[in-house]
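Undergrad: Fold the following for me, if possible:
(3 chains)
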Amino acid sequence: MTLAEQLAAPPLEVAPRLLGALLRHGEVVVRLSEVEAYAGSTDPGSHAYGGPTRRNATMFGPAGRLYCYLSHGIHICANITVGEEHGPGAVLLRAGEVVAGLDVARSRRPRSTDRDLARGPGRLGQALGLSLGHDGTDLATGAIRLELPATPVPASAIRTGPRTGLRRASDRPWRYWIDADPTVSAYRRHHRAEGPEAG
DNA sequence: TAAAAGATCGACT
DNA sequence: GTCGATCTTTTAA
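TA: Got it, this is the predicted structure:
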């Protein structure tokens, strides 16, 4: 079974399976502890909402690719494309733990403690040394590799909740993280969310 | 420890 | 021209 076949399922199914997976770039390896699912064209929070554009073209390609984009001009955020029939589904890699290549990761983020090296989407991309040039990388054969865990994280250890930092559709409980994992980032609303918390 | 504001480039309309 | 799936620094308690 190829990596693309393992990822050929709706984002909501694939996202929890990505927990505990290893993402390797050179010497640096990150074990994913927090992800968010983006359903694509039907998800107002997704870049793919409203159809393909230049930036999100990778999301409309085959599954098992790395979708990189620049956020706020300074941070690289990484996604893994998933879904069947080239659907625009993707899973945002929110946080993880650096399990190898610590020296390299530390040199990239000298201000961070070991725990914070990949705690957050921008940090994770930075610790791995990602750039916009990695957009579209094949995670099975490219410079960046993804290894799914041999034994999935048990459902009892997986928690779900609202996605972080979105203005729209922020109430969908499509965030997955490993319970009690110290590298999981704390939930924060969008800094410019509209109005007070509804409800 | 918790909360608030600044930074900064590409994509979209 | 405006916004963004954020991170870092600063200030207050």
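
Undergrad: How about the residues of chain A by DNA strand C?
TA: By C-beta under 7 Å from any atom of the strand, the residues of chain A that approach DNA strand C are A:36, A:38, A:45-48, A:56, A:59, A:67, A:69-75, A:77, A:79, A:90, A:92, A:109, A:111-112, A:116, A:120-124, A:126, A:163-168, A:185, A:190-192. Quick note: C-beta positions are derived from backbone N, CA and C, even for glycine.

Undergrad: can you tell me which of those are in strands?
TA: Under the assignment DSSP state E, the residues of chain A next to DNA strand C contribute A:36, A:38, A:67, A:69-71, A:75, A:77, A:79, A:90, A:92 to strands.

Undergrad: that older thread, filter the residues of chain A next to DNA strand C by proximity to DNA strand B?
TA: Among the residues of chain A next to DNA strand C, DNA strand B is touched by A:56, A:69-70, A:72-74, A:191 when using C-beta under 7 Å from any atom of the strand.

Undergrad: related to what we said a few turns ago, among the residues of chain A next to DNA strand C, name the buried ones.
TA: A:36, A:38, A:45-48, A:56, A:59, A:67, A:69, A:75, A:77, A:79, A:90, A:92, A:109, A:112, A:116, A:120-124, A:126, A:163-166, A:185 (16 or more other C-beta atoms under 10 Å).

Undergrad: could I get the ones in strands among the residues of chain A next to DNA strand C as TSV with distance to residue A:175 and pLDDT?
TA: Output for those, formatted as TSV (distance: C-beta to C-beta, whole Å; pLDDT from 0 to 100):
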residue	distance to residue A:175	pLDDT
A:36	5	91
A:38	11	91
A:67	18	95
A:69	18	94
A:70	22	93
A:71	17	91
A:75	18	92
A:77	14	93
A:79	14	95
A:90	14	94
A:92	9	93
